[in-house]
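K.L.:
Provided below for reference: sequence and predicted model.
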Amino acid sequence: MKNLSIRIKITLWFTVILVVLVSCTYMVVFSVNRQLVQKTIRDELIRTVEDNVDEVEYYKNIGKIDPHEVDYYMAFRGGYLEIDDDFLDKVNEVYTSLYNENVTLLYGENPISKQTADLQFSDAKIQHLSINDTLYYVFDRKLTLEGLEGLWLRGVVSENQGMTQVAAITRLLLLFLPLFLVISVIGGYLFARRMLKPIKEISEAAAKIGGSGDLKERIEIGEGKDELHQLAAGFNEMFRRLEDAFEAERQFTSDASHELRTPVSVITAQCEMTLEETRSIEEYELALRTIQRQSRKMSRLINDMLDFTRLEMRAESYAQESVNMTELVQSVCFDMALIKEKNITLEYQVEEGVRMEGNRQLLLRLLANLISNAYRYGRESGYICVSLKSTCQGVELSVSDNGIGISTEEQPRIFRRFYQADNSHSGMGTGLGLSMAYEITKFHGGEIHVESELGKGSKFIVIF
């Protein structure tokens, strides 16, 4: 069984169940039908005998009889018995005969008259008599009309009459039930093959993807909402996430190698140059400061890249809670106003009681990145203005400055990783600040955009 396909297993189980059901159906039908047929036989025996009770009449004078009637007449007790000619017929294998009270056959046909000669009459009751392993039903009716005293009608029918009908029904069952079974099994096999076809397609697609390593491939089995389509959708989602993970890893490796190449090259060159010959203390100190500066840049870059990748690939690790945005913005702005880089003034306008669902650590990082970016590209003695308020759209957070601004052509690219609009400031940051801000905003289901004009400053607006 373990080596059989699911389709064959389903068909075998389906066949076994059908065989059991057909067998049970046959047994039940045979049993119930036998009982019904036997009851029908007994009812037919009673009805036939009861009908014949009115077919026997007594006349004292034969002259009163209609000469046009074609009946049978026999002398009886100084008169005549008129017996309807239909009484002679065998009706549905039921034999009816006329007896006197001494169980002497007067008229009619009884195939077991000898065996019933000693069977006493019992009015309106069915008696059973077994002869040569054949069961007979016997039904007697006493005639009570004037002149018919002491006469009895006896009806006899064999159980074989019912068995003939049962045998006919059995033959039909033996013909049609196996045919029904064969048709059902074939239909079940075809149905199972059709229903399991998506599984085969899923298996082939998964094997193809596993063999080629192309995670862009998807499992296509058409539209549907059943379990197989849900399975295919689950596989496609898994492949999509794997593709995203490998792409993120590739991008991370590419970005890391590209961005770390410069500081590593500077450190290597500085070490080699310093070790070429004996240097003065001042020269050694200058070399160490250069190495220290490049090392710190590498450290910041690596930390930012790890944080960015974690947010991009493992966003579920950041728990969300109700965050007091008013308190968070006031706290960040108060701390960062102490920087006073380039003699820039940081001001903030915060609406009271603003709260939202989010991750406090990420929201703090978002605001800090936007303010740091404003410091980095701000003017000497300029200003930065932070605003927080509730609007009809939701919670709106904005950071504006009067710095160097961003050209219209560059604005669509500023949220890319490692992109820096002004190359003269490339050594001041890692190029991940705005990318991180964008990912944090997306994580919270919000939107971020910039309004800027070259030479006149920028305004970053985040709406949750």
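P.N.:
Now that the structure is in, tell me what you want to look at.

K.L.:
how far off centre is whichever strand or helix holds D51?
P.N.:
If you go by DSSP states H and E, D51 is part of helix 6-53. Offset of helix 6-53 from its chain centre (CA atoms, centre = their mean, to the nearest Å): 38 Å.

K.L.:
that one - what's its average pLDDT?
P.N.:
Mean pLDDT, helix 6-53: 77.

K.L.:
can you pull the buried residues of the following helix or strand past it?
P.N.:
Following helix 6-53 in sequence order, the next helix or strand is strand 56-59 (DSSP H and E). Neighbour counts using 16 or more other CB atoms under 10 Å place 56-58 of strand 56-59 among the buried residues. For glycine as for every other residue, the C-beta is placed from the backbone atoms N, C-alpha and C.

K.L.:
and which of those is nearest to K342?
P.N.:
Nearest to K342 among the buried residues of strand 56-59 is V56, at 135.8 Å by CB to CB.

K.L.:
specify the beta-bridge partners of the closest one.
P.N.:
For V56, the beta-bridge partners are I83 (DSSP bridges).

K.L.:
ok now the helix or strand of the chain with the lowest mean pLDDT, how far from the chain's centre?
P.N.:
None of the helices or strands of the chain scores lower by mean pLDDT, DSSP states H and E than helix 159-212, at a mean of 72. Distance of helix 159-212 from its chain centroid, counting by CA atoms, centre = their mean, is 24 Å.

K.L.:
between helix 6-53 and it, find me the angle.
P.N.:
Orientation of helix 159-212 against helix 6-53 (axes from the mean of the first three to the mean of the last three CA atoms, to 10 degrees) gives an angle of 160 degrees.

K.L.:
could you pull out the helices for this protein?
P.N.:
Assigned by DSSP state H, the chain shows helices spanning 6-53, 159-212, 227-275, 281-313, 325-336, 360-376, 433-443.

K.L.:
extract the CA atoms of the fifth one and return them as PDB.
P.N.:
What it means is helix 325-336. C-alpha atoms of helix 325-336 as PDB (Å, rounded to 0.1, in the frame of the first residue of the first chain):
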ATOM      1  CA  MET A 325       3.400  60.100  20.000                       C
ATOM      2  CA  THR A 326       3.200  63.400  21.700                       C
ATOM      3  CA  GLU A 327       5.600  62.300  24.400                       C
ATOM      4  CA  LEU A 328       7.900  60.500  22.000                       C
ATOM      5  CA  VAL A 329       8.300  63.500  19.600                       C
ATOM      6  CA  GLN A 330       8.900  65.900  22.500                       C
ATOM      7  CA  SER A 331      11.500  63.700  24.000                       C
ATOM      8  CA  VAL A 332      13.400  63.200  20.700                       C
ATOM      9  CA  CYS A 333      13.300  66.800  19.700                       C
ATOM     10  CA  PHE A 334      14.400  68.000  23.200                       C
ATOM     11  CA  ASP A 335      17.500  65.700  23.000                       C
ATOM     12  CA  MET A 336      18.400  66.400  19.400                       C
END
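
K.L.:
and the average pLDDT for it is what?
P.N.:
Mean per-residue pLDDT for helix 325-336: 91.

K.L.:
what residues sit buried inside it?
P.N.:
325-326, 328-330, 332-333, 336.

K.L.:
burial measure for D118, as a count.
P.N.:
By other CB atoms under 10 Å, 7 other residues sit near D118.

K.L.:
for it, which non-adjacent residue is spatially closest?
P.N.:
Closest residue in space to D118, ignoring its immediate chain neighbours: V103 at 7.5 Å, by CB to CB, 6 or more residues apart in numbering.

K.L.:
what's the answer for K60, then?
P.N.:
Leaving aside its chain neighbours, K60 sits nearest to G79 (4.3 Å; criterion: CB to CB, 6+ apart).

K.L.:
what's near enough to touch that neighbour?
P.N.:
58-62, 147 (CB atoms under 8 Å, 6 or more residues apart in numbering).

K.L.:
one step back: the helix holding D51 packs against which elements?
P.N.:
Packing partners of helix 6-53 (3 or more CB pairs under 8 Å, 6 or more residues apart in numbering; DSSP states H and E): strand 95-100, strand 126-131, strand 134-142, strand 151-158, helix 159-212.

K.L.:
try it again with 6 Å
P.N.:
Helix 6-53 sits against strand 134-142, strand 151-158, helix 159-212, with contacts defined as 3 or more CB pairs under 6 Å, 6 or more residues apart in numbering; DSSP states H and E.

K.L.:
TSV for those, including mean neighbour count?
P.N.:
Listed next are these as TSV, based on neighbours: other CB atoms under 10 Å:
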stretch	mean neighbour count
strand 134-142	19
strand 151-158	23
helix 159-212	14
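
K.L.:
distance to Y438 added to those, as JSON lines?
P.N.:
As requested, the helices and strands packed on helix 6-53 are exported to JSON lines (distance: least, CB to CB, whole Å):
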{"stretch": "strand 134-142", "distance to Y438": "95"}
{"stretch": "strand 151-158", "distance to Y438": "97"}
{"stretch": "helix 159-212", "distance to Y438": "31"}
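
K.L.:
before we move on, back to that, pull the most distant pair out of the contacts of G79.
P.N.:
I62 and G147 (13.0 Å).

K.L.:
more neighbours: which of the two?
P.N.:
G147 (17 against 12).

K.L.:
got a list of what that one touches?
P.N.:
Neighbour list for G147: Y58 [criterion: CB atoms under 6 Å, 6 or more residues apart in numbering].

K.L.:
which pLDDT value goes with it?
P.N.:
Here, the pLDDT recorded for G147 equals 84.

K.L.:
distance of it relative to Y73?
P.N.:
13 Å (CB to CB, to the nearest Å).

K.L.:
re earlier: L172: which of the buried residues of strand 56-59 is nearest?
P.N.:
V56 (40.3 Å).

K.L.:
from the buried residues of strand 56-59, which is closest to L364?
P.N.:
Nearest to L364 among those, with distances taken as CB to CB, is V56, at 115.9 Å.

K.L.:
could you report the pLDDT at the closest one?
P.N.:
V56 is given a pLDDT of 84.

K.L.:
pretty sure T48 contacts V94?
P.N.:
Yes. Between T48 and V94 there is a contact at 4.4 Å, judged by CB atoms under 6 Å.

K.L.:
common neighbours of the two, please.
P.N.:
Joint contacts of T48 and V94 (CB under 6 Å, 6+ apart) are G155.

K.L.:
contacting residues for I448?
P.N.:
Residues near I448 by CB under 6 Å, 6+ apart: 438, 441, 462.

K.L.:
nearest to Q320 among these?
P.N.:
Once CB to CB is applied, the member of these that ends up nearest Q320 is T441, at 14.0 Å.

K.L.:
and V157, what's its pLDDT?
P.N.:
Per-residue pLDDT puts V157 at 87.

K.L.:
same deal with N236?
P.N.:
Per-residue pLDDT puts N236 at 78.

K.L.:
cool, N402 as well?
P.N.:
Looking at N402, the pLDDT reads 91.

K.L.:
that one and H229, how far apart?
P.N.:
Taking CB to CB, one finds N402 at 56 Å from H229.

K.L.:
what does A124 give?
P.N.:
Distance from A124 to H229, counting by CB to CB: 71 Å.
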